[in-house]
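Peer 1: let me see the structure of the following:
(one chain, ligands or ions: 1)
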Amino acid sequence: MVGTAVEELLRYDSPVRDATFRCAAQRISLHGQLIDEGDIVSLLIGSANRDETRFADADRLDVGRTPNDHLAFGYGPHFCSGAALARLEGTVAFPLLLQRLGSVQLAKPVDELPWRPARVMRGLASLPVVRN
Ligand code: HEM
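Peer 2: All right, here's what the predicted structure looks like:
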């Protein structure tokens, strides 16, 4: 995937931090951990998207990161059916919003922003800004 700000935001702060569960089809060993056939496994997309072996300097937000093969929309047969729509919305909505609002800045420090209590579909409860 070509590097864009939307792709990097999806990687850096994955809205679906945990995917749904999977049932192991066969016994495998992964990083020294044995997963038996039939075991239920929780996939942590947010963690995979910060994997230093896949993304150099993974904890750094880099809007020009290329390639950016993140897993924010999942992978394989259950890959998000709405990925193209979500990408389009992000690409159109963010610039338009900033264009309409003009110059804005956060009204609160980043670590005080209110998040919705959600394990799967994460998001801010609100994003207070002040216009300059
Ligand atoms: C930023 C926005 C979105 C993100 C990050 C996202 C992420 C994901 C992820 C990670 C999965 C895979 C879950 C898994 O493997 O267990 C998924 C599946 C899915 N998503 Fe999205 N999604 C987004 C927006 C949308 C939208 C806008 C739609 C519909 C209009 C949509 C419809 C679906 C559907 C139907 C599935 C299930 C596909 C299947 O199981 O075959 N998503 N999404």
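Peer 1: helix or strand right after the helix or strand bottoming out on mean pLDDT in the chain?
Peer 2: Using mean pLDDT, DSSP states H and E, strand 18-23 stands out as the lowest-scoring helix or strand of the chain, at a mean of 88. Heading C-terminal from strand 18-23, the first helix or strand you meet, by DSSP states H and E, is strand 28-30.
Peer 1: what residues does this protein put near the ligand?
Peer 2: Residues of the chain found near the ligand (Cβ under 6 Å from any ligand atom) are 15-16, 19-20, 45, 72-74, 78, 80-82, 85-86. C-betas here are computed from N, CA, C, even on glycine.
Peer 1: can you do 8 Å?
Peer 2: For the chain, the contact set with the ligand under Cβ under 8 Å from any ligand atom comprises 10, 14-16, 19-22, 43, 45, 71-83, 85-87, 89-90, 121.
Peer 1: and this structure, what are its domains?
Peer 2: 5-101, 103-132 (automatic domain parsing).
Peer 1: for D57, helix, strand, or coil?
Peer 2: coil (DSSP: H, G, I helix; E, B strand; the rest coil).
Peer 1: that one: neighbour count?
Peer 2: For D57, the count of nearby residues is 9 (other Cβ atoms under 10 Å).
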